[in-house]
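K.L.:
Here is my input; please provide its structure:
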Amino acid sequence: MIPRFLMRSVVLWAVLTPNAARAIITYGAGNGNTTRPPAPLEDSGWISQTDLPPSATAVGRHHFLTATHVGTQVGGTIHFDGLTYTVVRTADAPGTDLRLLEIAGRLATGRIAVPYTGTDEVGRGVVLHGHGWGRGTPVFRTVPGGEELRGWLWGGQTGRLRWGTNVITGVTASPGNASLLVSIFSSDGGDHEATVASGDSGGGVFLLDASGRWVLAGVIYDVEARFRQTVESPSFSAALFDRRGFFARTTDGIWAQIADDDSTPGTIWQASRVSPVTGWLATETQRSPSTSWPVLRSSMTAAGPYREHEAYAVNPSLRVVRFKNSDLQRFFQLDGESRIQSIEDRGDFLEIQY
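P.N.:
This is a model prediction of the structure:
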């Protein structure tokens with residue numbers, strides 16, 4: 001039997017707007033949750049997320065996974081772990097809204113997410129991340145007895161990464177996206193109960209697998225967020241935990257009132273499911289780099305041995321390699337035909353011109 005909420009004839013909004021960088025909206029935490037989650041959620045994907053928009057998750061030594069509709073292209077930049085990486089190739093998973101971004105440089109091993117391969121996401125708790133719009137002013141609905149809080153407008157711009165929690169309640173599909181994880185924003189999930197907003201697309205959704213490891217289960221795709229107070233009043237974007245009595249636009253383009261006896265008053269958000277594309281991901285992330293850029297190697301001694309540096313970013317157009325500074329003495333070399341022209345100390349970073 002199909003759950004009732006999956007049969008809603010409403011329009012879901014793809015939460016793109018990558019340049020309007022704001023954040024995950026939570027029920028009780030206001031505009032908080034701007035630092036790594038505390039135990040037992042501290043390893044639930046925070047360190048694999050981008051520092052700034054667009055929202056994306058590190059999934060390989062040279063790769064990020066995001067939403068196709070965000071629109072990140074070759075030549076774009078990804079800000080991650082204090083470095084700025086240049087996108088040199090993109091690949092879209094067939095029949096999905098998932099886009100893989102190949103970057104010039106290398107990501108630290110400990111910050112890379114592991115994709116989920118299981119098919120039992122329904123009923124599982126998740127932690128979601130994103131740089132989308134935050135929580136704005138309260139939204140009320142007039143009911144017998146007065147005004148009742150039902151949610152919040154999409155709010156002010158912050159550019160901060162945020163996290164929240166929820167539960168996967170179903171799996172469905174939509175045109176152009178073969179498999180989606182479905183979740184509902186409600187009032188009974190605790191202070192960290194979360195939904196998504198514009199700018200969160202591409203953010204990672206993580207669950208705890210059977211081995212006790214947090215793994216990437218989804219990539220934020222869209223949300224039910226456009227409403228009206230009356231059929232003729234201006235529409236607004238909001239995170240509603242109770243949508244009853246408001247008007248929502250149907251797939252036929254008609255603004256219809258939501259019944260007061262609706263048994264699922266919360267609003268839906270969806271994420272592109274990762275498990276069906278794990279084979280595709282493995283193939284793409286193991287490909288040889290599509291663009292030639294110098295490999296940075298380092299050693300504690302001049303004589304070596306030299307090994308590829310743990311994490312660094314290459315800007316092929318500026319011919320610059322950038323990486324974090326360290327108190328340890330190190331010697332560097334570049335593989336291939338590139339030669340080091342200079343090394344500059346930029347405080348927290350070192351910069352090699354080649």
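
K.L.:
Ala248 - that's part of a strand, no?
P.N.:
Yes: counting by DSSP: H, G, I helix; E, B strand; the rest coil, Ala248 is part of a strand.

K.L.:
the longest strand in this protein is where?
P.N.:
The residue-count maximum for a strand in the chain (DSSP state E) belongs to strand 162-174.

K.L.:
Next, the angle from the next helix or strand after that strand to strand 162-174.
P.N.:
Under the assignment DSSP states H and E, the closest C-terminal helix or strand after strand 162-174 is strand 177-185. Between strand 177-185 and strand 162-174, the angle comes out at 130 degrees (axes from the mean of the first three to the mean of the last three Cα atoms, to 10 degrees).

K.L.:
any idea how far the closest residue to Gln341 other than its chain neighbours is from Leu318?
P.N.:
Among residues not flanking Gln341 along the chain, Gln353 sits closest, at 4.5 Å (Cβ to Cβ, 6 or more residues apart in numbering). Where C-beta positions appear, they are placed from N, C-alpha and C, glycine not excepted. Distance of Gln353 to Leu318, given as Cβ to Cβ, to the nearest Å: 8 Å.

K.L.:
right, and the secondary structure at the residue in the chain sticking out farthest from the centre would be what?
P.N.:
Distance from the C-alpha centroid of the chain, by Cα atoms, centre = their mean, peaks at Ala303 (42.6 Å). Under three-state DSSP, Ala303 falls in the coil class.

K.L.:
What separation do you get for it and Glu193?
P.N.:
As judged by Cβ to Cβ, Ala303 and Glu193 stand 57 Å apart.

K.L.:
where does the stretch 151-300 of the chain dip in pLDDT?
P.N.:
Within the stretch 151-300 of the chain, the stretches with pLDDT under 70 are 156-157.

K.L.:
and with 50 instead?
P.N.:
Counting by pLDDT under 50, the stretch 151-300 of the chain shows no low-confidence range.

K.L.:
What of the stretch 1-150 of the chain?
P.N.:
Applying pLDDT under 50 to the stretch 1-150 of the chain picks out residues 1-7, 16-22.

K.L.:
Which parts of this protein are helices?
P.N.:
Counting by DSSP state H, the chain has helices at residues 278-285.

K.L.:
Now do the strands in the stretch 1-150 of the chain.
P.N.:
Assigned by DSSP state E, counting those that start in this stretch, the strands in the stretch 1-150 of the chain fall at 13-14, 25-26, 57-60, 63-67, 77-80, 83-92, 98-103, 105-106, 125-130, 135-143, 146-154.

K.L.:
Let me have those strands in TSV, adding distance to Arg249 and mean neighbour count as columns.
P.N.:
Output for these, formatted as TSV (distance: least, Cβ to Cβ, whole Å; neighbours: other Cβ atoms under 10 Å):
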stretch	distance to Arg249	mean neighbour count
strand 13-14	10	18
strand 25-26	21	31
strand 57-60	31	25
strand 63-67	22	27
strand 77-80	34	20
strand 83-92	28	19
strand 98-103	27	25
strand 105-106	44	24
strand 125-130	24	26
strand 135-143	17	16
strand 146-154	17	17
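
K.L.:
To Trp214, which of these lies closest?
P.N.:
strand 125-130 (7.4 Å; Cβ to Cβ).

K.L.:
Partner strands of that closest one and their direction?
P.N.:
Paired strands of strand 125-130, with direction, are strand 162-174 (antiparallel), strand 204-208 (antiparallel) (DSSP bridges).

K.L.:
distance between the longest one and the chain's centre?
P.N.:
Taking Cα atoms, centre = their mean, to the nearest Å, one finds strand 162-174 lying 13 Å from the centre of the chain it belongs to.

K.L.:
Pull it out as PDB, backbone CA atoms only.
P.N.:
Only the C-alpha atoms of strand 162-174 are listed here, as PDB (Å, rounded to 0.1, in the frame of the first residue of the first chain):
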ATOM      1  CA  ARG A 162      24.100  23.600   9.100                       C
ATOM      2  CA  TRP A 163      22.900  20.100  10.100                       C
ATOM      3  CA  GLY A 164      19.600  18.600  11.300                       C
ATOM      4  CA  THR A 165      18.000  15.200  11.800                       C
ATOM      5  CA  ASN A 166      14.900  13.400  10.500                       C
ATOM      6  CA  VAL A 167      13.600   9.900   9.500                       C
ATOM      7  CA  ILE A 168      13.200   8.400   6.100                       C
ATOM      8  CA  THR A 169       9.500   7.500   5.600                       C
ATOM      9  CA  GLY A 170       9.400   6.300   2.100                       C
ATOM     10  CA  VAL A 171      11.100   5.700  -1.300                       C
ATOM     11  CA  THR A 172       9.500   7.100  -4.500                       C
ATOM     12  CA  ALA A 173      10.400   8.500  -7.900                       C
ATOM     13  CA  SER A 174       9.800  11.600 -10.000                       C
END
